[in-house]
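*Asks:* Below are the sequence and a predicted model; questions follow.
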Amino acid sequence: MIPIFKTERLILREMTEADLPNYEKYFIDYEVIRYLTASVPWPYPAEGVRDYLNQEIIPYLGKERWLWGIFLQKEPNELIGAVELRRIS
């Protein structure tokens, strides 16, 4: 289970299928992609975010990886960012 964190301005919560369109819009922006790891392809493929979450994140959630979507309290369905933690062995 991924805990929910709340501050005065932000909500950090597990991302759901409903968040995919908001998440995907950042991956079509080269100014965002260029600061990520070299393994992120450009241009990002259609359905790439869904595949990434289903293959690389969801199977490991709460075990080796943790991914939170960052949302504003005043707009709780508008994704403004994400943070991922990974277990290092």
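*Replies:* Perfect, I can see it now.
*Asks:* what about Y60, how many residues close to it?
*Replies:* 14 (other C-beta atoms under 10 Å). Where you see a C-beta, it was placed from the backbone N, CA and C, and this is true even at glycine.
*Asks:* begin at 482 from here
*Replies:* All set: I'll call the first residue 482, so the last point we hit is now Y541.
*Asks:* so what strands line up beside the lengthiest strand in the chain?
*Replies:* Longest strand in the chain, counting residues (DSSP state E): strand 556-567. Strand 556-567 pairs in its sheet with strand 546-553 (antiparallel), by DSSP bridges.
*Asks:* Which of the helices and strands in the chain ranks last by mean pLDDT?
*Replies:* Lowest mean confidence among the helices and strands of the chain (mean pLDDT, DSSP states H and E): helix 511-514, at a mean of 79.
*Asks:* Following element in sequence after it, please.
*Replies:* Where DSSP states H and E defines the elements, the next helix or strand beyond helix 511-514 is helix 529-533.
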